[in-house]
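Participant: would you be able to build a 3D model of this:
(one chain, ligands or ions: 1)
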Amino acid sequence: MQNRIKGSDHMCFGCSERNPIGFKLKFTMDGDICRTEFTAGEEHQGWNGYMHGGLIAAILDETMAWWLWLKDISIMTVEMTIRYSLGVPVHTRLRVESWCEEEKRGKLFHMAGQIILPDGKVAAKARAKFMKIDPAQF
Ligand SMILES: CCCCCCCCCCCCCCCC(=O)SCCNC(=O)CCNC(=O)[C@H](O)C(C)(C)COP(=O)(O)OP(=O)(O)OC[C@H]1O[C@@H](n2cnc3c(N)ncnc32)[C@H](O)[C@@H]1OP(=O)(O)O
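Facilitator: Numbering: from 1, shown residues only. Sure thing, here's the model as predicted:
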């Protein structure tokens, strides 16, 4: 998997290779699904042995954002809900995927994403809205 941005100096917590405490996620498009993988470590725990819910949200947020980013659409998250169905154990390879459910007037994107455990069960599912922004403002 390759990030599209190379040589830039951004410090995005989700995807920058330069951020020393970030997730360093790398994304790829598979048809109309954006995918990444992640294995949580001890430092990502909430309850012992399980990943912190806020960090689960961050991974889902980032994966949905990258579906748009890979299509050259600059956005910001404006709303997100998460259903946490199963604990996400640390030291476990996770598959994360996202897709677009609806586009409104080319400005608001209704996205969804999920974290899948090795046995195929969905541990967490997000729905979020992303608003198109002018990247020159940031
Ligand atoms: C070279 C370097 C590259 C570096 C590249 C790094 C990589 C990059 C990868 C990506 C990485 C991303 C990382 C994860 C994504 C974040 O984490 S983003 C961070 C979290 N999100 C934020 O901070 C967003 C904060 N919000 C804002 O700044 C402002 O609300 C915004 C988004 C700029 C919009 O402001 P605004 O233009 O004033 O919008 P506003 O007038 O309030 O609303 C516009 C319209 O949308 C509607 N609307 C607003 N919110 C909603 C909503 N939640 N639901 C429905 N409608 C809504 C309004 O009703 C309005 O409708 P109309 O009146 O036009 O009909």
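
Participant: for the rest of this, base every contact and every neighbour count on C-alpha atoms.
Facilitator: Noted.

Participant: for residue 67, helix, strand, or coil?
Facilitator: For residue 67, the assignment made with DSSP: H, G, I helix; E, B strand; the rest coil gives helix.

Participant: tell me, how many residues neighbour it?
Facilitator: The burial count assigned to residue 67 is 25, neighbours taken as other Cα atoms under 10 Å.

Participant: pLDDT wise, what is it at?
Facilitator: On pLDDT, residue 67 comes in at 98.

Participant: repeat that for residue 1.
Facilitator: Note on residue 1: pLDDT of 40.

Participant: check the one 10 residues further on too.
Facilitator: Residue 11 is assigned a predicted lDDT (pLDDT) of 96.

Participant: ok, it - contacts?
Facilitator: 17-19 (Cα atoms under 8 Å, 6 or more residues apart in numbering).

Participant: got those residues as TSV, with pLDDT, neighbour count and distance to the ligand columns?
Facilitator: Output for the contacts of residue 11, formatted as TSV (pLDDT from 0 to 100; neighbours: other Cα atoms under 10 Å; distance: Cα to the nearest ligand atom, whole Å):
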residue	pLDDT	neighbour count	distance to the ligand
17	95	21	11
18	95	14	11
19	97	15	12
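
Participant: in JSON lines: those residues, plus secondary structure and distance to residue 118.
Facilitator: Shown next, in JSON lines, are those (DSSP: H, G, I helix; E, B strand; the rest coil; distance: Cα to Cα, whole Å):
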{"residue": "17", "secondary structure": "coil", "distance to residue 118": "25"}
{"residue": "18", "secondary structure": "coil", "distance to residue 118": "28"}
{"residue": "19", "secondary structure": "coil", "distance to residue 118": "27"}
